[in-house]
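Visitor: Build me a model from this:
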Amino acid sequence: MCTVVVRVPEPGAGPVRVLAVRDEDPARPWRPLDTWWPDAPGVRGIMDELAGGAWLAADDTTLAVLLNRAGGACGPEVTSRGSLVLDAVAGRPLPDPLTTLGFNLVRVSAEAARVTSWEGGSPRVVDLAPGTHMVAHDDVDDPTTARISAWLDDFAAAPTEGDGESPWWGDWLDVLARTTSIGPTDDRAIIRDNRIHGYPTLSLLVSVASVDADGVEVGMATLERPGHWNDLSLPGA
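Guide: Below is the predicted model of the structure:
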């Protein structure tokens, strides 16, 4: 039940900004942002050790991040969704047929930001118009998703220009910090403890990224205690 915020500028008006919060079972091993894939030496990402794929990954031109959603394939032949992130960064099409569980796949380059959604049947693609968008476990900007209806306007109102003294993501982190006042088990929470909802996942980390014609800058910071907020330092973004 991860959350991604994307700000798409008007054409030629600056970089695409991304904030992503990862929810995962704390017992599932993972590796932080780095170059983990020998067959993709230009790709750095956050690796799932069990399946070998990525939750988030980027090269010099493209960023991709994956969110789970209901539906998708079933049975003994279900494959990992993490390979979809690496394929998206490399510009490879989705497998046909798809054999993963359902997903929202966010792909961002200087030319376009889009979300590919699949829960069975044919994948659906939404090209993100200029503005601020949120994605969780349902559709883009879904007003029935509690955290989107609660916080999208706050993220939309927060500037992401930055200056010489403060990073561009500072105001978005301030919004994220404010969201934690309701507690991690509330349906509106972004920093989450999903166990009350029947899932073993908690928010583990926050990543920010900036994407434009000059490249992709991405950084991440891990929460000191899963599902609970603390002040974050985000190097490398």
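Visitor: list the helices and strands the longest helix along the chain packs on?
Guide: In the chain, assigned by DSSP state H, the helix with the most residues is helix 146-157. The contact analysis (3 or more C-beta pairs under 8 Å, 6 or more residues apart in numbering; DSSP states H and E) places helix 146-157 against strand 3-8, strand 131-135, helix 170-179. C-betas here are computed from N, CA, C, even on glycine.
Visitor: right, and those - which one's nearest Leu202?
Guide: Leu202 sits nearest to strand 3-8 of all the helices and strands packed on helix 146-157, at 12.9 Å, using C-beta to C-beta.
Visitor: Also compute the angle for the closest one relative to helix 146-157, please.
Guide: Counting by axes from the mean of the first three to the mean of the last three C-alpha atoms, to 10 degrees, strand 3-8 lies at 30 degrees to helix 146-157.
Visitor: helix or strand right after strand 3-8?
Guide: On the C-terminal side of strand 3-8, the closest following helix or strand by DSSP states H and E is strand 16-24.
Visitor: Adjacent strands (with direction) for that next one?
Guide: Strand pairing for strand 16-24, using DSSP bridges, gives strand 3-8 (antiparallel), strand 202-212 (antiparallel).
Visitor: Show me what the following helix or strand past the last one is packed against.
Guide: On the C-terminal side of strand 202-212, the closest following helix or strand by DSSP H and E is strand 215-222. In terms of contacts (3+ C-beta pairs under 8 Å, 6+ apart), strand 215-222 is packed against strand 30-34, strand 54-58, strand 62-72, strand 202-212.
Visitor: With mean pLDDT added, can I get the strands paired with strand 16-24 in CSV?
Guide: As requested, these are exported to CSV (pLDDT from 0 to 100):
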stretch, mean pLDDT
strand 3-8, 98
strand 202-212, 98
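Visitor: Relative to Leu84, which of the ones you listed is closest?
Guide: Ranking these by proximity to Leu84 (C-beta to C-beta) places strand 3-8 first, at 14.6 Å.
Visitor: Can you report phi and psi for Thr145?
Guide: The phi/psi pair for Thr145 (degrees, to the nearest 10) reads phi -90, psi 120.
Visitor: Does it touch Leu152 like I think?
Guide: No. The criterion here is C-beta atoms under 8 Å, and Thr145 misses it with Leu152 at 9.4 Å.
Visitor: anything in contact with each of these two?
Guide: Taking C-beta atoms under 8 Å, 6 or more residues apart in numbering as the criterion, Thr145 and Leu152 both touch Met134.
Visitor: Quick check: Val4 vs Pro26, distance?
Guide: For Val4, the distance to Pro26 equals 20 Å [C-beta to C-beta, to the nearest Å].
Visitor: These two - which one has more neighbours?
Guide: Higher neighbour count among Val4 and Pro26: Val4, with 23 against 14, using other C-beta atoms under 10 Å.
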